[in-house]
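**Student:** have a look; sequence and predicted model below, questions after that.
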Amino acid sequence: MMSRKNLVFIAQSLDGYIADRNGGLEWLSAVPNPDQQDLGYETFYQGIDALVMGRNTFETVCGFEMEWPYDKPVYVLSSTLDSVPEPFLEKAKVVRGPLSGVLDRIHRAGYSRIYVDGGVTVQQFLKEDLIDELTVTTIPVLLGGGTPLFGELPEKMEFELVESRVLLNAMVQTRYRRKR
Ligand SMILES: NC(=O)c1ccc[n+]([C@@H]2O[C@H](COP(=O)([O-])OP(=O)(O)OC[C@H]3O[C@@H](n4cnc5c(N)ncnc54)[C@H](OP(=O)(O)O)[C@@H]3O)[C@@H](O)[C@H]2O)c1
């Protein structure tokens with residue numbers, strides 16, 4: 001069996017936000033990428049089996065003016081939705097309850113490597129020490145407020161550096177592995 005891993009791949013502002021005060025993501029495209037250079041996402045995505053995202057992130061993705069971007073199972077954490085809206089029924093399912101139970105269900109369905117997405121969601125996984133790797137791409141902008149990537153934790157958690165690289169001569173992408 002492939003080893004079970006929960007992985008984060010996310011972009012943050014210099015001051016640690018993943019969306020601006022209006023939930024906007026325009027700042028993510030502030031760095032010109034004329035040749036549509038892949039910023040590591042494709043390789044990361046090829047390495048995962050399924051996604052777990054928070055309801056807010058799910059709704060953001062639903063609002064994108066493009067085709068549904070995932071061809072892997074998506075589990076949406078929500079205590080307020082009973083199911084995803086009709087157009088997305090084939091694409092995503094709602095899960096709730098303790099993360100251990102949610103992960104058990106996903107593992108039993110045969111998925112080992114999980115992409116965890118959304119601020120509150122990443123924070124909840126971290127609180128239970130359920131994140132194995134964090135790839136954070138830092139964009140050189142101070143948003144001054146918005147949706148934070150990180151929050152309070154019950155205790156200190158150490159990570160080790162796996163790799164760091166400069167993208168488009170503007171962003172820094174750093175991969176950390178949880179040190180256990
Ligand atoms: N910069 C980036 O790379 C990036 C990546 C992803 C997202 N984003 C942005 O970040 C924002 C979303 O992040 P966010 O921090 O607001 O929230 P989020 O993690 O996407 O969603 C939070 C919601 O998820 C549900 N949830 C989380 N844990 C749960 C649990 N254990 N059980 C049941 N429900 C649970 C709750 O939904 P209910 O209220 O329904 O219970 C909660 O309100 C969006 O603006 C998105 O565009 C940016």
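**Tutor:** Alright, I've got the coordinates.

**Student:** name the nearest residue to the most centrally placed residue in the chain, ignoring sequence neighbours.
**Tutor:** The residue lying closest to the centre of the chain (Cα atoms, centre = their mean) is Asp117, at 2.4 Å. Leaving aside its chain neighbours, Asp117 sits nearest to Met53 (4.2 Å; criterion: Cβ to Cβ, 6 or more residues apart in numbering). The C-beta positions use only the backbone N, C-alpha and C, and glycine is treated the same way.

**Student:** got the contact list for stretch 164-172?
**Tutor:** 11, 31-33, 37, 39-40, 137-140, 173-175 (Cβ atoms under 8 Å, 6 or more residues apart in numbering).

**Student:** ok, 7 Å please
**Tutor:** 31, 33, 37, 39, 137-140, 173-174 (Cβ atoms under 7 Å, 6 or more residues apart in numbering).

**Student:** now the two most distant members of these.
**Tutor:** Asn33 and Thr174 (18.8 Å; Cβ to Cβ).

**Student:** which parts of this structure sit against the ligand?
**Tutor:** 10-11, 18-19, 23, 25, 53-57, 60, 77-81, 96, 99, 117-121, 124, 147 (Cβ under 6 Å from any ligand atom).

**Student:** which parts of the chain are helices?
**Tutor:** Per DSSP state H, the chain carries helices over the ranges 41-46, 55-63, 99-108, 119-127.

**Student:** can I get the ones you listed in CSV with mean pLDDT?
**Tutor:** Listed next are the helices of the chain as CSV, based on pLDDT from 0 to 100:
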stretch, mean pLDDT
helix 41-46, 97
helix 55-63, 97
helix 99-108, 98
helix 119-127, 98
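
**Student:** looking at the ones you listed, which is buried most?
**Tutor:** Neighbour counts (mean count of other Cβ atoms under 10 Å) averaged over each of the helices of the chain peak at helix 119-127, with a mean of 20.

**Student:** having no further points to raise, I will conclude here.
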